[in-house]
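Participant: Coordinates for the following, if possible.
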Amino acid sequence: MRIVFLNPQGNFDAKDSYWTEHPDFGGQLVYVKELANALKEKGHEVDIFTRLIQDPDWPEFKKEEEVYPHTGLRIIRIPFGGDKFLRKEALWPHLPEYVEGILRFFHKEKNWPDFVTTHYGDGGIAGVMLEEATGIPFSFTAHSLGAQKMYKMNICEAHFDAVNRQYAFSTRIQAERLTMEKAVIRFVSTSQEKVNQYQHVLYRDLFQKEDKKFVVAPPGVNQNLFYFENQDFEKLHQVKKRDLDENRRDLPMIIASSRLDPKKNVSGLVNAYASSFKLQEIGNLLLAVRGVENPYQDISGLKEEEQAEMKKILGIIQSCDLKGKIAFIQLSSQKELANCYRALATYGGVFSLTSLYEPFGLATIEAMACGLPVVVTANGGGQEILKENSETFGMLADPESSAKIAENLLILLKEPEHWKHYHHQGLRRVRERYTWQTTADIYQVAIAKVLVENKRSTRMPEKKTDFSNHQSWLSNPTQEMIDLIKSNSLAGEEGEG
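Facilitator: The predicted structure follows:
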């Protein structure tokens, strides 16, 4: 099969530049790259279509094509929206230009895809337009949905217009609704994602009569990077020497390695650590950051929102006298992250993710693959990662309960038999369920079934396609959608089924 991935935001390059450092370069890009590579390795013809950027501040993305060296997977960059880097919320009005560029590419190559997979709402609506022009069927993998994010931000009506301008929620939700309706497959990472996110009041009417299009395809782990063996990591020794009291440097460490985004609730983990003197006695806390070498001295390299979260963390450290017990480490690549995880596991460390909500938790399974027992948020996909029937593979905690987070961390650090149990359970869980080869198997079976059942024929447009109907609302969201959001999903109504 010839399969195309549509992912207009962020970008891809052979070095995985900016991953985890920028909000547009998060887990979604890891998912797309690893899944596309896995499908390529299974013998399919696969390309990723993203955005060409001619911006001296982003030199990695200026070539029209690039190839991942080991698999030959192509990254095809389409020029749209001007030359400069644009954050994902600014891309919406330019998506018709993106699709027109893809159509030109296909006309030139004369090698049209059998199937298109779309990612996030912007890739999704691009798939809708491409299907209208060509008849090529497409799937939708949301990664996260706008209504869920909006609810977690606790927006009130007085602030809605300003927040909507910044995050384009009305455009995003309208795009998601149309994409959900037109997609022949809706891939989700967990059953919980289908039940909770897609049953939000702003989408629920689309699924009252049928949900057979849903396919659960959990993400996997890059096992060439994330695996367990006993290991030291020199950078870890350096930050211990810099940030920890001398008599504490041999204690095991709890690591948090998520972005300093308020919804990731890193400050909640710091509060939990601060609340337990017993936990402080037997372990240190390690916070992985990007953009600053030593937050105790300088946080100017962080973005404004990240600075606010870091100031909150530093305030807790100061007020609770935690200096010498909490260290910071800057990890510049996935390779360094994996090295750090292995070194921490070698000396009895633990991973913690206390997000207010986590749709899946790719970071969780990466840590498990490196041998770290985990304590993660009970809100979201962690429920399915860590529990199956009566068996558990890690520990879940209410992210807003300092006491419960601290209690679970204390169990793992204080009781060696529990640490060893979840160390082995985590390794087995990833090996048996969370590999990209398994994810690719699920995708190819679902896609092949659709192609057999639908028997759609691709048509090559003979003239420039008119996307003006989409252009109008992508540039200016409809008042109908704004009113629908205001009446159904502002602060106080979660709207989940």
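Participant: going forward, measure contacts and count neighbours with C-alpha atoms only.
Facilitator: Noted.
Participant: ok, now which ones touch Asn222?
Facilitator: 34, 435-436 (C-alpha atoms under 8 Å, 6 or more residues apart in numbering).
Participant: Spatially central residue (nearest the centroid) of the chain, please.
Facilitator: In the chain, the centroid-proximal residue (C-alpha atoms, centre = their mean) is Gly27; its distance is 3.0 Å.
Participant: Quick check: phi and psi on the residue lying closest to that residue once chain neighbours are set aside?
Facilitator: Nearest-residue entry for Gly27: Leu362, 7.0 Å, with adjacent residues in sequence omitted and distances by C-alpha to C-alpha, 6 or more residues apart in numbering. Backbone geometry at Leu362, expressed as degrees, to the nearest 10, gives phi -60, psi -40.
Participant: and what of Val376?
Facilitator: Torsion angles, degrees, to the nearest 10, at Val376: phi -130, psi 170.
Participant: Now for it: which residues touch it?
Facilitator: With C-alpha under 8 Å, 6+ apart, Val376 has these contacts: 352-355, 364, 382, 395-397, 399.
Participant: what's the pLDDT at it?
Facilitator: We note a pLDDT of 97 for Val376 in this prediction.
Participant: From the contacts of Val376, keep the buried residues only.
Facilitator: 352-355, 364, 382, 395-397, 399 (16 or more other C-alpha atoms under 10 Å).
Participant: which of those lies closest to Phe160?
Facilitator: Among the buried ones among the contacts of Val376, Ser355 lies closest to Phe160 (C-alpha to C-alpha), at 23.3 Å.
Participant: pretty sure the closest one contacts Asp261?
Facilitator: No. Using C-alpha atoms under 8 Å, Ser355 is not in contact with Asp261; the gap is 9.2 Å.
Participant: Is Leu285 in a helix, a strand, or coil?
Facilitator: strand (DSSP: H, G, I helix; E, B strand; the rest coil).
Participant: Which of the helices or strands spans Thr118?
Facilitator: Element membership for Thr118 (DSSP states H and E) is strand 115-119.
Participant: other SSEs contacting that strand?
Facilitator: With contacts taken as 3 or more C-alpha pairs under 8 Å, 6 or more residues apart in numbering; DSSP states H and E, strand 115-119 sits against strand 2-6, helix 120-134, strand 138-141.
Participant: Between strand 2-6 and the longest one, find me the angle.
Facilitator: This points to helix 120-134. 130 degrees (axes from the mean of the first three to the mean of the last three C-alpha atoms, to 10 degrees).
Participant: got the domain boundaries for the chain?
Facilitator: 2-220+436-488, 234-433 (automatic domain parsing).
Participant: wait, which of those is closest to Phe228?
Facilitator: Using C-alpha to C-alpha, these put domain 234-433 closest to Phe228, at 4.3 Å.
Participant: ok now that closest one, how far from the chain's centre?
Facilitator: 18 Å (C-alpha atoms, centre = their mean, to the nearest Å).
Participant: next one: stretch 35-53
Facilitator: The mean C-alpha position of stretch 35-53 is separated from the chain mean by 18 Å, C-alpha atoms, centre = their mean.
Participant: now do stretch 198-213
Facilitator: On the basis of C-alpha atoms, centre = their mean, stretch 198-213 sits 23 Å off its chain's mean C-alpha point.
Participant: List the buried residues of it.
Facilitator: Buried-residue list, stretch 198-213, by 16+ other C-alpha under 10 Å: 198-204, 206.
Participant: what kind of secondary structure is Asp83 in?
Facilitator: coil.
Participant: Just the pLDDT at it, thanks.
Facilitator: For Asp83, pLDDT reads 96.
Participant: now it, nearest residue through space, not along the chain?
Facilitator: Closest to Asp83 by C-alpha to C-alpha, 6+ apart is Gln54, at 4.7 Å.
Participant: which ones are touching the one you found?
Facilitator: 61-62, 83-84.
Participant: Most neighbours out of those, which is it?
Facilitator: Most neighbours among the contacts of Gln54, by other C-alpha atoms under 10 Å: Phe61, with 24 neighbours.
Participant: in terms of contact, does Ala397 touch Val375 like I think?
Facilitator: Yes. Contact criterion C-alpha under 8 Å: Ala397 and Val375 qualify, at 6.8 Å.
Participant: Need the residues touching each of those two.
Facilitator: With C-alpha under 8 Å, 6+ apart as the test, Ala397 and Val375 both reach 354, 405, 408.
Participant: Could you find the closest non-adjacent residue to the second one?
Facilitator: This means Ile405. Ala397 (5.6 Å).
Participant: Nearest to Phe226, out of the domains of the chain?
Facilitator: Using C-alpha to C-alpha, the nearest of those to Phe226 is domain 234-433, at 5.5 Å.
Participant: where does the stretch 351-497 of the chain dip in pLDDT?
Facilitator: For the stretch 351-497 of the chain, applying pLDDT under 70 flags the ranges 455-464, 489-497.
Participant: Which residue ranges of it form strands?
Facilitator: Assignment of strands within the stretch 351-497 of the chain using DSSP state E, counting those that start in this stretch yields the ranges 374-377, 387-388, 391-392, 395-397.
Participant: In its sheet, which strands sit next to the second one, and in what direction?
Facilitator: Looking at strand 387-388 with DSSP bridges, its paired strands and their directions are strand 391-392 (antiparallel).
Participant: what's the partner strand in contact with?
Facilitator: 386, 425.
Participant: 54 is where my numbering starts, stick with that
Facilitator: Noted, 54 is the first residue going forward, which turns the last one into strand 444-445.
Participant: my read: Thr170 touches Phe58, true?
Facilitator: Yes. Using C-alpha under 8 Å, Thr170 is in contact with Phe58, at 4.9 Å.
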